[in-house]
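K.L.:
Fold the following and give me the result.
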Amino acid sequence: MSRLLHSFEAVDALAPEAVAGPGAVLPHADAGHTARLRAGESAALGEIYDLHHGDLRRFAVRLLGDGVAAEDLVHDVFLALPRALRGFRGDCTLRTFLMSVAVNHARKYVRAAGRRRNALARYAELPTARPLTADVDAERRQAVETLRIGLERLPLQQRIAFVLCEVEQHSAAEAARIMDVPEATARTRAFHARRKLRQWLEERA
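P.N.:
Next up is the predicted model:
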């Protein structure tokens, strides 16, 4: 499992954006923006985009394995947000709600075979945030390729649970809220994903 988590560290190192972690946006700020957007104030959508685009795109890249597909997904999420807010009760952060919308939209990207193959193939082509030595660059690219192959072998729901719990470091309760499933289901999916990935890595070793 340490080899697998090293793969995710490689994705962080290769990703061009450095964004704040969960909780960077205060809940009261979210409440103000959502209220304004519900009232039809279009400027509020742009402000929400500015606040949450980085986190959402990072999540999408990890889920889809491709910057272009991730940007398309984020675009779809924000286009759908005004209508999706009808189901937002304020019982979670707006960031969590946006991720749940992204999970719903991501299914069509992950299940589209051609787009999925292209996205996963470009994992190793993400631009670097800083110059790397040849050895470090090769090691990280190999780690990213290991992650790409491993994630591709997982069923979609287990893949989502793994990214949420292991990569994004959400609690099982928050992952369950994002996936709109019982907490026990989120735990089970993440457990099976970890078990399958660990077994696969052991077989490769």
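
K.L.:
Quick check: which element contains the residue nearest the centre of the chain?
P.N.:
Nearest residue to the geometric centre of the chain (C-alpha atoms, centre = their mean): F59, 2.1 Å. Assessed by DSSP states H and E, F59 sits inside helix 42-64.

K.L.:
what's the following helix or strand after that helix?
P.N.:
helix 67-84.

K.L.:
which secondary structure elements does that next one contact?
P.N.:
Under the contact criterion of 3 or more C-beta pairs under 8 Å, 6 or more residues apart in numbering; DSSP states H and E, helix 67-84 touches helix 42-64, helix 94-111, helix 113-121. C-beta: built from backbone N, CA, C; applies to glycine.

K.L.:
pull the CA atoms of the second one into CSV?
P.N.:
In this case it means helix 94-111. This file holds the C-alpha atoms of helix 94-111, laid out as CSV (Å, rounded to 0.1, in the frame of the first residue of the first chain):
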residue,chain,number,x,y,z
LEU,A,94,-20.6,23.8,-0.5
ARG,A,95,-17.3,22.2,-1.4
THR,A,96,-18.7,18.8,-0.4
PHE,A,97,-21.9,19.4,-2.3
LEU,A,98,-19.9,20.4,-5.4
MET,A,99,-17.9,17.1,-5.2
SER,A,100,-21.2,15.1,-5.0
VAL,A,101,-22.3,16.8,-8.2
ALA,A,102,-19.0,16.0,-9.7
VAL,A,103,-19.3,12.4,-8.8
ASN,A,104,-22.7,12.2,-10.5
HIS,A,105,-21.3,13.9,-13.6
ALA,A,106,-18.1,11.9,-13.6
ARG,A,107,-19.8,8.6,-14.4
LYS,A,108,-20.4,9.5,-18.0
TYR,A,109,-16.7,10.4,-18.4
VAL,A,110,-15.4,7.2,-16.7
ARG,A,111,-17.8,5.0,-18.5
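
K.L.:
Name the residues of that helix that come out as buried.
P.N.:
The neighbour-count check on helix 94-111 (16 or more other C-beta atoms under 10 Å) flags 94-106, 109-110 as buried.

K.L.:
now L51: how far from P82?
P.N.:
As judged by C-beta to C-beta, to the nearest Å, L51 and P82 stand 16 Å apart.

K.L.:
Which one's more surrounded, these two?
P.N.:
More neighbours surround L51 than the other of L51 and P82, with 19 against 14 (other C-beta atoms under 10 Å).

K.L.:
Domain parsing of the protein, as residue ranges.
P.N.:
Domains of the chain are assigned by automatic domain parsing as 1-16+133-205, 18-125.

K.L.:
and the longest one, how far from the chain's centre?
P.N.:
Averaged C-alpha coordinates place domain 18-125 at 9 Å from its chain's average position (C-alpha atoms, centre = their mean, to the nearest Å).

K.L.:
Low-confidence regions, the protein specifically.
P.N.:
Along the chain, the model assigns pLDDT under 70 to residues 1-29, 111-137, 205.
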